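Chemist: Test case, fold it:
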Amino acid sequence: MLAGMTTTPSTTLVLGGTGKTGSRVAAQLAELGLNARTAARAGADVHFDWDDPSTYRPAVAGVDRVYLVGPVMRTDFAGQVSAFLDLAEANGVRHVTYLSAYGIDQAPPQVALRAVELDLISRGALTHSILRPAWFMQNFSETFLTPVDGVITVPTGDGAEAFVDVEDIAAVATATLAHPDAHAGAHYAPTGPEAITVSDAADLIAEVTGQPVKHNDIDRDAWVEGSVAAGVPAEYGEMLRMLTETIASGRGSRPNSDVQNVTGAPPTSFAEFARGLVSGPKRPVSFGS
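Modeler: This is a model prediction of the structure:
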């Protein structure tokens, strides 16, 4: 560096900063000595609400990188995210890492997750990295796949999925935010090292907990109706229908080397995840990312 020159430390805005991936991304950035600003409706460094555009500008002030997590349990958010990206770009953000979903690159452009991907790809003033992870292993400990009275109820049949540890997703995201130039334009699909069925997962959880756990392959219509009755928006219930049908039909995610290639470490196996489970009160159901 030339004498007298200074550099401004980068700061990453972590949307969904109290969620499953966002909280871990913020923690991993901090471990690297990098500045992270968490944003959420409550409990974060700054208040952020997708339905309140007045919260966008304070969140992006002074940041040059964003970990982007769209509104949860919604299917109509592309316009809101686009407006946020316009503001972020105008305020000096130069890189965005976006949490999408496995296989969304094959979805029609009107699907919100894909629409946001295409929006990012089209922007020339900022770089992007897109993450399309498999189903989270933490769904079995924190959300809708948590065993209740020894039963995991979900209509996935005998279909397999390469469930991925959220810590591994966060590690990939952190790498892209710490070194955005090295990952500009990259599209990663973090997965676990093996594809297993929900019944396989139940057996592994039973093995480490010493308690019986089984998979209840419930009728899909009944499961979606129950989810909606429990508070899931009806339009998101249809998304859950599609996601579970994808696995049940044998089109679930398959293992790849993205976690290893990006982080230098192998992805966590489901057996390792299961061994890391701790006993205690169940966390409340949350579909946050």
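Chemist: What is the lengthiest helix in the chain packed up against?
Modeler: In the chain, taking DSSP state H as the definition, the longest helix is helix 234-248. Packed against helix 234-248, as judged by 3 or more CB pairs under 8 Å, 6 or more residues apart in numbering; DSSP states H and E, are the following elements: helix 220-229. C-beta here means a position set from N, CA and C on the backbone, and glycine is covered the same way.
Chemist: what's the helix or strand for the closest residue to residue 186 other than its chain neighbours?
Modeler: For residue 186, ignoring the flanking residues on the chain, the nearest one in space by CB to CB, 6 or more residues apart in numbering is residue 129 at 4.9 Å. Residue 129 belongs to strand 127-131 when assigned by DSSP states H and E.
Chemist: Beyond that strand, next helix or strand please.
Modeler: helix 139-142.
Chemist: other SSEs contacting the following helix or strand past that next one?
Modeler: Going down the chain from helix 139-142, the next helix or strand is strand 151-153, by DSSP H and E. Where contact means 3+ CB pairs under 8 Å, 6+ apart, strand 151-153 is packed against helix 198-209, strand 214-216.
Chemist: ok, and which of those has the densest surroundings?
Modeler: Most buried of the helices and strands packed on strand 151-153, by mean neighbour count (mean count of other CB atoms under 10 Å): helix 198-209, with a mean of 19.
Chemist: Just give me the neighbour total for the nearest residue in space to residue 104 that is not next to it in sequence.
Modeler: Leaving aside its sequence neighbours, residue 104 sits nearest to residue 113 (CB to CB, 6+ apart; 4.6 Å). Number of residues near residue 113 (other CB atoms under 10 Å) recorded here: 22.
Chemist: still on that earlier bit, buried sites along the longest helix of the chain?
Modeler: 236-237, 239-241, 243-244, 246-248 (16 or more other CB atoms under 10 Å).
Chemist: residues making contact with it?
Modeler: 73-76, 103, 135, 154-161, 220, 223-225, 227-228, 232, 252, 287 (CB atoms under 8 Å, 6 or more residues apart in numbering).
Chemist: roughly how far is the next helix or strand after it from the heart of the chain?
Modeler: Next along the chain after helix 234-248, taking DSSP H and E as the criterion, comes helix 258-263. Its chain's C-alpha centre and that of helix 258-263 lie 16 Å apart, by CA atoms, centre = their mean, to the nearest Å.
Chemist: and which of the buried residues of helix 234-248 is nearest residue 60?
Modeler: For those, the closest approach to residue 60 (CB to CB) belongs to residue 236, at 26.9 Å.
Chemist: measure residue 52 to residue 113 for me?
Modeler: According to CB to CB, to the nearest Å, residue 52 and residue 113 sit 22 Å apart.
Chemist: now do residue 75
Modeler: 9 Å.
Chemist: quick one, what contacts the residue nearest to residue 183 when sequence neighbours are not counted?
Modeler: In this structure, residue 183 finds its nearest non-sequential neighbour in residue 176, 4.0 Å apart by CB to CB, 6+ apart. The contact partners of residue 176, by CB under 8 Å, 6+ apart, come to 95, 97, 129, 131, 183, 186, 188, 262.
Chemist: among the residues you listed, who's most crowded?
Modeler: residue 97 (28 neighbours).
Chemist: what about it, which SS state?
Modeler: Secondary structure for residue 97, judged by DSSP: H, G, I helix; E, B strand; the rest coil, is strand.
Chemist: wait, what's in contact with it?
Modeler: By CB under 8 Å, 6+ apart, the residues touching residue 97 are 65-68, 128-131, 173, 176-177, 180, 183.
Chemist: ok so, going back, work out for me the element the residue nearest to residue 183 sits within.
Modeler: Using DSSP H and E, residue 176 sits within helix 166-178.
Chemist: before we move on, the earlier item: just the buried ones from the contacts of helix 234-248?
Modeler: The neighbour count (16+ other CB under 10 Å) marks 74, 103, 135, 154-157, 159-161, 220, 223-224, 227-228, 232, 252, 287 as buried among the contacts of helix 234-248.
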